[in-house]
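Asker: Could you look at this predicted model? Sequence included:
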Amino acid sequence: MKLVLIGCPGAGKGTQAKMLSSKYGIAHISTGDLLREQISKGTELGKKVSEIINAGGLVSDDIVSAMLSERIKADDCKKGYILDGYPRNVSQAEGLESIVGSLDKVICYEVDDDVIVDRMSGRRSCPKCGRMYHVKYNPPKAEGICDVCGDKLIQRKDDNAETVLNRLNVYHKTTAPVIEYYDKKGILLRTSGVGDINDIFETVCSELEGIE
Ligand SMILES: [Zn+2]
C-alpha cells in the first residue's frame, strides 16, 4: 500500500500517519526526518544537505528524490509506505511517480484555518522540561506555570496567530495544485481532520479496505 498524506501544519497528519503505519505494517516516511537523519549520520548526502541549509538554500528535488529512492528499498517498506510532507508541488508529484510508480491513495486532512490557529496559538511549552500545554485543551494547573518544574511557560515564535496564518496561506497556495493533480487521477481522499483522532482514523481505514 502506497499512500501520501497531505495536511496543513497542525492538521494532525503526523499522528494519523503513525496510526496507519502500525495498523498496516507499512513504513512512515517523513522527508524532513530523512534529511535530518542523513545530516546526523554524516553521510555524503548529509554533508551536501547541511551545506545547502547552512547557506540558506533549499534542498533540491533531485536530492530528495535520491534519498527517497534509497529509503523505499529498505525492508520495512516491503508492504508499502506512507509519505508524509512530500510531494509539496506538482513537479515533485510528477517526479515521485518515476520513483514509486502509481500511488494507491492520497489522503488530504482538511481543517479550517481558524481551527488550526486556535490549536497552534494556544500552545505553550516549558523551557526547562519541554512539556507541552494548551491554554484551552490541556492547561497547566496554575496559569502560565509548568506543573512539573514550576517554570514560566513560553509560546514558540512560530505559534503566534499571525505566523500560523502566514504559513497556512503559503500551504494553501502551494498545495492546491497538488490536491487537484491527484483529484484528476481519481486517487484523492478528502477527509475531515477535525474531531476524535480515532474517528478520523477509522473513516480513512474504511476507505482503504481492499487495498494491499
Ligand atoms: Zn517544566
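Answerer: Looks like it arrived, so ask away.

Asker: Quick check: mean pLDDT of the one helix or strand residue 3 maps to?
Answerer: Applying DSSP states H and E as the criterion places residue 3 in strand 2-7. What strand 2-7 shows for mean pLDDT is 96.

Asker: And for stretch 106-117?
Answerer: On average, stretch 106-117 scores 95.

Asker: what's residue 108 in contact with, if anything?
Answerer: Applying C-beta atoms under 8 Å, 6 or more residues apart in numbering to residue 108 gives the contacts 6-7, 179, 188-191. Every residue, glycine included, has its C-beta placed from N, CA and C.

Asker: OK, contacts around the residue nearest to it when sequence neighbours are not counted?
Answerer: Leaving aside its chain neighbours, residue 108 sits nearest to residue 6 (4.5 Å; criterion: C-beta to C-beta, 6 or more residues apart in numbering). Residue 6 is in contact with 13, 106-109, 175, 178-179, counting by C-beta under 8 Å, 6+ apart.

Asker: So residue 6 versus the ion, what's the distance?
Answerer: To the ion, residue 6 is 34 Å away according to C-beta to the ion, to the nearest Å.

Asker: got it, and residue 14?
Answerer: Plainly put, residue 14 is 23 Å away from the ion if you go by C-beta to the ion.

Asker: All further residue positions should be reported with the first residue as 65.
Answerer: Noted, 65 is the first residue going forward, which turns the last one into residue 78.

Asker: List the contacts of the helix or strand harbouring that residue.
Answerer: Counting by DSSP H and E, the element that carries residue 78 is helix 77-88. Outside helix 77-88, the residues that touch it by C-beta under 8 Å, 6+ apart are 65, 67, 69-71, 90-92, 94, 143-144, 146, 148, 171, 173, 257, 261, 264-265, 268-269, 272.

Asker: try stretch 204-211
Answerer: 188, 190, 192-193, 195, 197, 215-217.

Asker: dump the residue contacts of residue 94.
Answerer: 78, 81, 148-149.

Asker: and the closest residue to residue 72 other than its chain neighbours, what pLDDT?
Answerer: Distances taken as C-beta to C-beta, 6+ apart put residue 235 closest to residue 72, at 4.6 Å, once the chain neighbours are dropped. Listed pLDDT for residue 235 reads 90.
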